[in-house]
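> predicted model and sequence below, questions to follow.
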Amino acid sequence: MVCLIAIMMTPAFAFISSRDDASGVHADLKANGLLITELKPMPYGDKIAFPVRKGDLELNFESVENENPHSKLSQLLDDPPLKWEILGDVVVFPEDSKLGDGNLASVAEALGCTRVAIQAEIDSGIMRKSNLELIHGDNGWVVHKENFVDYEFDITKVMFSSGNVTERRRMGEFDMSGETIVDAYCGIGYYTIPMLARSNAAHVHACEINPDSITALQKGLARNGVSHRCTIYHGDNRDTFQNLWGIADRVILGLIPSSQATWASAIKCLKPAGGIIHVHMNVEENEIEEWIEKTLEWFSTVSGKDATASHFEKVKWYCPHIRHVVLDIEIS
Ligand SMILES: C[S@@+](CC[C@H](N)C(=O)[O-])C[C@H]1O[C@@H](n2cnc3c(N)ncnc32)[C@H](O)[C@@H]1O
């Protein structure tokens, strides 16, 4: 996201100090109540101009509250990145960012963080391991707060897709009281945690193949006080599903580009009376209507029941022309 904020300038009297004396002058002006703290000191030739309440020289100063993160970064870097992501207290810049040999502690601080990382493309393997490199800070564990829940994970080991924020929020806004849920690709608890902590799910059976994600999930469940309502199944869900036939009111199939490998198993996990399946998929934008129709037809044929769409969600653009979508299918 690129953030552009018009910089507002305010006229005020200026006290000019040499750079060497600047910190002492700043302290004195402040102690004497002369400094205007709402305005920013600025360079004035080879000196520093402080905004003050009385004087002879008048200059235009930038307001402190108008100092946006981009302008803070441009004071530290010659070619500052235009975008970044914040996970817990780590700022993550794109792979091609030019951070130079600058002071990374100041770069982190300018964005309200303490650590800095560089992102590369997320690994395309099934475990979606992180390709992120921490370049300032000594370990990758973060507590990331989002939509009133806490996720805890090692950013150097597992992915966190900021683009799926709306879907994580949606999974925390259902009334799932009394429901038993199977989360087939739970990762670090992207949906498991909001379903338990916010949607009041009675129990989530969470399947995951990556041990690093499971460690993170266990920490996240504990942090949100919901561990006792979650059972974790470590391994390939095609094996662990055997324990889960006929028990679920709802099944989450949160895998892209496709979760089709577990569609038939998801039907088997539902209670005999049916339930809801949330099917994630990457779909070409101009093929969405056709995909919905064919998917509903498939679920109806294989389950031998009615399959209707209770909701269709466009989560994010995965790449040009292709969307990550979720189809909520009611099987009854
Ligand atoms: C993309 S991540 C989850 C993303 C999350 N649902 C979201 O949308 O933000 C998918 C997770 O499924 C796990 N996974 C992939 N194939 C699996 C399988 N056959 N059995 C269990 N877990 C699997 C991966 O390790 C990964 O943590």
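Looks like it arrived, so ask away.

> after the longest strand along the chain comes which helix or strand?
What stands out as the longest strand in the chain, according to DSSP state E, is strand 307-319. Next along the chain after strand 307-319, taking DSSP states H and E as the criterion, comes strand 322-331.

> and that next one, what's buried?
Residues of strand 322-331 classed as buried by neighbour count (16 or more other Cβ atoms under 10 Å): 323-331. Glycine gets a C-beta too; all of them are placed from N, C-alpha and C.

> does the ligand sit close to stretch 161-170?
Yes. Applying Cβ under 6 Å from any ligand atom, one finds stretch 161-170 in contact with the ligand at 161, 164.

> restricting to C-alpha, output that stretch in CSV.
Backbone C-alpha positions of stretch 161-170 (Å, rounded to 0.1, in the frame of the first residue of the first chain) are rendered in CSV as follows:
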residue,chain,number,x,y,z
SER,A,161,-0.4,-13.9,4.0
SER,A,162,-1.4,-10.3,5.0
GLY,A,163,-3.7,-10.3,1.9
ASN,A,164,-6.0,-12.9,3.5
VAL,A,165,-6.9,-10.6,6.4
THR,A,166,-10.5,-10.2,5.3
GLU,A,167,-11.0,-14.0,5.2
ARG,A,168,-9.4,-14.4,8.7
ARG,A,169,-11.8,-11.7,9.9
ARG,A,170,-14.8,-13.3,8.3
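
> residues of this structure that sit close to the ligand?
Where the chain comes near the ligand, counting by Cβ under 6 Å from any ligand atom, the residues are 126-128, 161, 164, 185, 187, 190, 207-210, 213, 236-238, 254-255.

> which of the residues you listed are buried?
By neighbour count, with 16+ other Cβ under 10 Å, the residues of the chain next to the ligand hold 127-128, 161, 164, 185, 187, 190, 207-210, 213, 237, 254-255 as buried.

> between these, which is closest to P43?
Nearest to P43, judged by Cβ to Cβ, of these is S161 at 41.2 Å.

> distance check, the closest one against W245.
Counting by Cβ to Cβ, to the nearest Å, the gap from S161 to W245 is 30 Å.

> ditto for S18
To W245, S18 is 78 Å away according to Cβ to Cβ.

> what do you get for Y191?
Going from Y191 to W245 by Cβ to Cβ gives 21 Å.
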